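Participant: Show me how the following folds:
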Amino acid sequence: MQRKSFGHMQCPIARSLERVGEWWSILILRDAFYGLTRFDEFQKSLDIAPNMLTRRLNALVEAGLLEKHRYCERPPRYEYLLTERGRDFRPVLLALLAWGNRHFAPEGESVLLVDNETGERAEPILVDERTGQPIREGRHVIGAGPAAGGAIKRRVALAVVRQDGSD
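Facilitator: Numbering: from 1, shown residues only. As a prediction, this is how the structure comes out:
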């Protein structure tokens, strides 16, 4: 059974899922943020089959989230480094961390975001870069962008009506 591709969809969420929607990809990116760069490091950390790891690493390189660099000629060995696009995924990982701690850690939090200068716990929130204000339900809604097609405009219009509580 072939997986459906979201790459042709106009929705930025669907297009993002096309690149990182498979759980191994997100865990590989997590480990890359932890400083892992080599195939054997990822394999040991994730306990993933080599063929699956190869496919996921190649997909992340193809998507521009990782760059492949040779660090050994004989035998040829590569490391995988985060690109700017890959580093831009960090807020998504931090949001997943906070969400997971809040809803799926009955035994307690095993990983925290910590301020490197003070050692104090930090709680990630999404803010509007322009105003610095937290993004809040009710105040901020999804809108159609300048490149939105008819399907996106209809979906966004329906969402706005529902968020307003209107019918």
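Participant: For Y71, give me its contacts.
Facilitator: Under the criterion of CB atoms under 8 Å, 6 or more residues apart in numbering, the contact list for Y71 reads 38, 77-79. In this view, the C-beta of every residue, glycine as well, is placed from N, C-alpha and C.
Participant: Throw these into CSV and include neighbour count and pLDDT, thanks.
Facilitator: Below are the contacts of Y71 laid out as CSV (neighbours: other CB atoms under 10 Å; pLDDT from 0 to 100):
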residue, neighbour count, pLDDT
R38, 14, 97
R77, 13, 93
Y78, 16, 95
E79, 16, 97
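Participant: Same list, those, but as TSV with secondary structure and distance to P134 please.
Facilitator: Formatted as TSV, these follow (DSSP: H, G, I helix; E, B strand; the rest coil; distance: CB to CB, whole Å):
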residue	secondary structure	distance to P134
R38	strand	39
R77	strand	45
Y78	strand	41
E79	strand	38
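Participant: Got the phi and psi for A148?
Facilitator: phi -60, psi 130 (degrees, to the nearest 10).
Participant: Run a quick neighbour tally on it.
Facilitator: The local packing of A148 (other CB atoms under 10 Å) involves 15 other residues.
Participant: My guess is it contacts R154. True?
Facilitator: No. Counting by CB atoms under 8 Å, A148 does not reach R154; the two are 9.6 Å apart.
Participant: what are the ranges of the strands in the protein?
Facilitator: 66-72, 77-82 (DSSP state E).
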